[in-house]
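**Q** I would like to see how this sequence folds:
(4 chains)
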Protein chains: 2
Amino acid sequence: MPKPGTRLRLIDVAERAGVSLATASRALSGREGVSEEVAGRVRAVARELGYVANPYARTLAGGASSTVGLVVHQVDDPYFSEIASGVIEVAAEEGLLVQICHSGRDPDAELRQLRHLIAQRVGIILVAGSGYNDPRVEAEARAELSEFQRQGGRVAVIGRHALGVDAVLPDNEAGSRALAGHLLDLGHRRIAIAAGKEGLTTIADRIAGVSAALRQRGLDLDSLPIVHSDFTRGGGRVAAEQILCDHPETTAIIALNDAMAIGVLSTLRAHHIPVPERMSVVGFDDVSVAADLAPSLTTIRLPMTDMGKMALSLALKPRAARPRRRPTGHLLVVRDSTGPAPSD
Amino acid sequence: MPKPGTRLRLIDVAERAGVSLATASRALSGREGVSEEVAGRVRAVARELGYVANPYARTLAGGASSTVGLVVHQVDDPYFSEIASGVIEVAAEEGLLVQICHSGRDPDAELRQLRHLIAQRVGIILVAGSGYNDPRVEAEARAELSEFQRQGGRVAVIGRHALGVDAVLPDNEAGSRALAGHLLDLGHRRIAIAAGKEGLTTIADRIAGVSAALRQRGLDLDSLPIVHSDFTRGGGRVAAEQILCDHPETTAIIALNDAMAIGVLSTLRAHHIPVPERMSVVGFDDVSVAADLAPSLTTIRLPMTDMGKMALSLALKPRAARPRRRPTGHLLVVRDSTGPAPSD
DNA sequence: AGCGCTTACGAAAGCGCTTACGTAGCCTAG
DNA sequence: CTAGGCTACGTAAGCGCTTTCGTAAGCGCT
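**A** Numbering: from 1, shown residues only, chains lettered A, B, ... in the order given. Next up, the predicted model:
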């Protein structure tokens, strides 16, 4: 909306450097066909004048769109805001603009966001958060993204597979295997799982990890109650209530993410159930507040900020023939919310 | 970066509707000079075809820039991410793009972000977070913003005054007055303040509130230790350690935001100091996790999400002659982290 | 009927960039 | 010495919109 003519334009820089518009453009966007000497002069003038290219003109003229669209489930969920912070950091370094949208964990809303970003001509799309089990949704998202790529768009996803694009992938299965193993080693057998809404692939993967840990010890997943609620603190509270009510013999609760674990702890406290003496609780993600809870939360650390950085870096690299997968690594962080199973 | 020619353009809509480019443009951007009948037809065609205007072309051609720049101290701090979520929500409704930058609580970084946003030609700038006591920084920021406004840009700030622009303002003074009053009513006299880095106006305001509450009861602020650290959980831990060490007689800690309060609680737990039996703790902001802490945190509720919404709405309204101020309201939320002063 | 005024629309000129194409100037090969 | 090729740069044609300006049509008035 700022009035035209009032801001520094490329032509001003060009004139001041004594070159043509085209040469100045080439020099500043690092294209070849300019001698080092001239390029240096142009860059010096631009810096001196404080020139910043008009991103609208640049994009319109066919340069790469400099905005990256980031789709998350929920901006004010620490898991996603830490990812966002990583994305924003790299974007700032690269001179890119980040547009964040949230889908509220609704697959159709996510699809709408995706389409809107594409229609808006963003250059890069990053999708963070679990995929959905609904094959229609995944297929449509996949189709939309691959068409976007065909037209030159860049894409990467975080914590989500099956979209046929570059992905930054935490090993959800191994993580929850470690978590369950930790509880089993502590002697817990009456373990309940507090899971988010059914239909998220992340949930299936994390449950599979628990199952694997059980099998390793000759036990079976079928014996464990799984309560599906919502991947939020509120969801954790609901799940905990239900577990306490329906499975009072439970000695350990695996919350499939930290938000739920916080809700679970909160409910246990309300019921005066001491953690970890009477009940152990584990989470997943290691959001930064996890260490400051009372009791501090045993969980799997995922490097969320780095995941955001990796995803954008991946998208910025030239596309490979086949989708690349970057594992994130993870770490079992044992804190005060877990202890030996009560002996009785 | 998507290839040109492949996406729907305004002219496609215009042709399909049997009108000229100009008319289609007017119809879709709601400008006058088009009959209701034609405008309706154009809009119908656009909807049917799924047309979304190219924001780069639109902006370049002199339309209002559709991106709003949001400057926050820290994206992955819940206080700011809740604000951001409000901004994003309204922006989505208005078809605007949100660009988030963080300054890391460094006034010079903030100034750089501001200048960069302006150079990038965003249409709206929102600045969230406390102002700085440094008159040079504030003056420069103010000058930058007013020049931006002179050129047609829209501005609003959140929780910050003295910038000469529309502002959404929590009453920090009244909030901490209520907080301190609550503690005084509980009989606490040995109160310590855990404050963020010196030089933030928010801190001065919140301390002033405590001072007012004391004065009301014939007491004096000078008697209270104020420990300056950092507006983060880590800062809270540091401040708590120092308070425990230098002022062991303390029975209540006022953390000037929730992040610090979380750190304070964490440190007290590490020292096996029971809250609230031996020490009461209060925070400020009511970030959503505050209710789920152990013990749950007594704090002042600020409607962060609404504040984000209000700020953008304010910026979207036509400018008033004088800067507008929107108070946010606040609420003392008493939870489990506060109790009567120990009797000894 | 003729005048001015308003309204609804179209033609065309940019917005500030990138890039295809053209053209000097120089180098190398024949 | 010239043909051909390369490099370094300039010229100009857009990218998809908004907006100014021009004009035809419709209106009421004298």
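**Q** buried set for stretch A:244-257?
**A** A:244, A:250-257 (16 or more other CB atoms under 10 Å in any protein chain shown). To be clear about C-beta, it is placed using only N, CA and C from the backbone, and glycine gets the same treatment.
**Q** What does the pLDDT read for the spatially most central residue of chain A?
**A** Taking CA atoms, centre = their mean, the centroid of chain A lies closest to residue A:128, which sits 3.9 Å from it. At residue A:128, the predicted lDDT confidence score is 96.
**Q** wait, doesn't it sit right on residue A:158?
**A** Yes - here residue A:128 lies in contact with residue A:158, judged by CB atoms under 8 Å, at a distance of 4.2 Å.
**Q** Residues that sit against both of those two, list them.
**A** Residues within reach of residue A:128 and of residue A:158 at once, by CB atoms under 8 Å, 6 or more residues apart in numbering or on different chains, are A:83, A:308, A:311.
**Q** I'd like the list of those residues that fall within helices, please.
**A** Here DSSP state H is the test, and the shared contacts of residue A:128 and residue A:158 give A:83, A:308, A:311 as lying in helices.
**Q** and of those residues, the nearest to residue A:325?
**A** residue A:311 (11.7 Å; CB to CB).
**Q** show me the contacts for the closest one.
**A** So residue A:311 contacts A:83, A:86-87, A:126, A:128, A:156-158, A:168 (CB under 8 Å, 6+ apart).
**Q** Could you work out the most separated pair of those?
**A** A:86 and A:157, at 14.3 Å, using CB to CB across the contacts of residue A:311.
**Q** neighbour count winner among the two?
**A** Taking other CB atoms under 10 Å in any protein chain shown, residue A:86 and residue A:157 do not tie; residue A:157 has more neighbours (27 against 23).
**Q** Which residue comes closest to that one once chain neighbours are left out?
**A** Of all residues not flanking residue A:157 in the chain, residue A:127 sits nearest, at 4.5 Å (CB to CB, 6 or more residues apart in numbering or on different chains).
**Q** my read is the one you found is in a strand, agree?
**A** Yes - remark: residue A:127 belongs to a strand, assigned using DSSP: H, G, I helix; E, B strand; the rest coil.
**Q** now it, which residues is it bridged with?
**A** Beta-bridge pairing of residue A:127 under DSSP bridges involves residue A:71, residue A:157.
**Q** Please name the residues that touch it.
**A** A:71, A:110, A:114, A:141, A:145, A:155-158, A:160, A:163.
**Q** repeat that with 10 Å
**A** The neighbours of residue A:127, taking CB atoms under 10 Å, 6 or more residues apart in numbering or on different chains as the test, are A:69-73, A:103, A:110, A:113-114, A:117, A:141, A:145, A:155-160, A:163, A:165, A:167, A:311.
**Q** and what of residue A:323?
**A** Contacts of residue A:323 (CB under 10 Å, 6+ apart): A:155-157, A:161, A:163-167, A:314.
**Q** mind checking the SS state of it?
**A** coil.
**Q** residue ranges with poor pLDDT in chain A?
**A** In the predicted model, chain A carries pLDDT under 70 at residues A:1-6, A:344.
**Q** repeat that for 50
**A** Chain A contains residues with pLDDT under 50 at A:1-5.
**Q** In it, mark out all the helices, start to finish.
**A** Going by DSSP H, chain A shows helices at A:10-17, A:21-28, A:36-49, A:55-60, A:78-94, A:107-119, A:135-150, A:172-185, A:201-216, A:233-246, A:258-270, A:304-316.
**Q** ok so, going back, just put the buried residues of stretch A:244-257 in JSON lines and tack on distance to chain B.
**A** Below are the buried residues of stretch A:244-257 laid out as JSON lines (distance: CB to the nearest CB, whole Å):
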{"residue": "A:244", "distance to chain B": "17"}
{"residue": "A:250", "distance to chain B": "20"}
{"residue": "A:251", "distance to chain B": "19"}
{"residue": "A:252", "distance to chain B": "18"}
{"residue": "A:253", "distance to chain B": "15"}
{"residue": "A:254", "distance to chain B": "18"}
{"residue": "A:255", "distance to chain B": "12"}
{"residue": "A:256", "distance to chain B": "17"}
{"residue": "A:257", "distance to chain B": "14"}
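**Q** Next step: these restricted to strands.
**A** Using DSSP state E, A:252-255 are the members of those that sit in strands.
**Q** DNA strand D: which of these is nearest?
**A** residue A:255 (46.9 Å; CB to the nearest atom of the strand).
**Q** what's across from the closest residue to residue A:91 other than its chain neighbours in the sheet?
**A** Distance criterion CB to CB, 6+ apart; nearest residue to residue A:91, sequence neighbours excluded, is residue A:98 at 4.7 Å. Taking DSSP bridges as the rule, residue A:98 bridges to residue A:68.
**Q** Just confirm residue A:98 contacts residue A:123, I think it does.
**A** No - using CB atoms under 10 Å, residue A:98 is not in contact with residue A:123, being 11.5 Å away.
**Q** between these two, which one's more packed in?
**A** residue A:98 (26 against 22).
**Q** Okay, the closest residue to DNA strand C within the stretch 151-300 of chain A and residue A:124: tell me how far apart.
**A** Minimum separation of the stretch 151-300 of chain A from DNA strand C (CB to the nearest atom of the strand) falls at residue A:152, amounting to 10.6 Å. Distance of residue A:152 to residue A:124, given as CB to CB, to the nearest Å: 11 Å.
**Q** More neighbours: which of those two?
**A** residue A:124 (28 against 15).
**Q** how many neighbours does residue A:95 have?
**A** What residue A:95 shows, counting by other CB under 10 Å, is a neighbour count of 12.
**Q** measure it to residue B:272 for me?
**A** From residue A:95 to residue B:272 the distance is 50 Å (CB to CB).
**Q** Could you find the closest non-adjacent residue to residue A:45?
**A** residue A:17 (4.4 Å).
**Q** For that neighbour, give me its contacts.
**A** A:23-24, A:27, A:38-46, A:48-49.
**Q** Over to residue A:172?
**A** A:130, A:159, A:201-209, A:256, A:284, A:300, A:302, A:330.
**Q** ok, now with 6 Å
**A** Applying CB atoms under 6 Å, 6 or more residues apart in numbering or on different chains to residue A:172 gives the contacts A:202, A:205-206.
**Q** for these, which one is nearest chain B?
**A** residue A:202 (20.2 Å; CB to the nearest CB).
**Q** Name the nearest residue to that closest one, sequence neighbours excluded.
**A** Using CB to CB, 6+ apart, the closest residue to residue A:202 is residue A:130 (3.5 Å).
**Q** Nearest residue to residue A:330 in space, please, no chain neighbours.
**A** Excluding the flanking residues, the one nearest residue A:330 by CB to CB, 6+ apart is residue A:175, at 4.7 Å.
**Q** neighbours of the one you found, just the number please.
**A** Residue A:175, neighbours per other CB under 10 Å, totals 24.
**Q** just checking, it touches residue A:331?
**A** No - counting by CB atoms under 6 Å, residue A:175 does not reach residue A:331; the two are 8.8 Å apart.
**Q** thinking residue A:229 is in contact with residue A:239, fair?
**A** Yes - here residue A:229 lies in contact with residue A:239, judged by CB under 6 Å, at a distance of 4.2 Å.
**Q** more neighbours, the two?
**A** residue A:239 (27 against 23).
**Q** Against DNA strand D, how distant is that one?
**A** Residue A:239 sits 47 Å away from DNA strand D, taking CB to the nearest atom of the strand, to the nearest Å as the criterion.
**Q** Residue ranges of each domain in chain A, please.
**A** A:10-53, A:67-169+A:305-327, A:172-302 (automatic domain parsing).
**Q** Select, out of these, the one closest to residue B:294.
**A** domain A:172-302 (3.8 Å).
**Q** so how far is the first residue of that closest one from its last?
**A** Start and end residues of domain A:172-302 are separated by 10 Å (CA to CA, to the nearest Å).
**Q** Now do it: distance to the chain's middle.
**A** Remark: domain A:172-302 is offset 21 Å from the chain centroid, using CA atoms, centre = their mean, to the nearest Å.
**Q** With stretch A:86-95 instead?
**A** The mean C-alpha position of stretch A:86-95 is separated from the chain mean by 15 Å, CA atoms, centre = their mean.
**Q** Brilliant, that's me finished.
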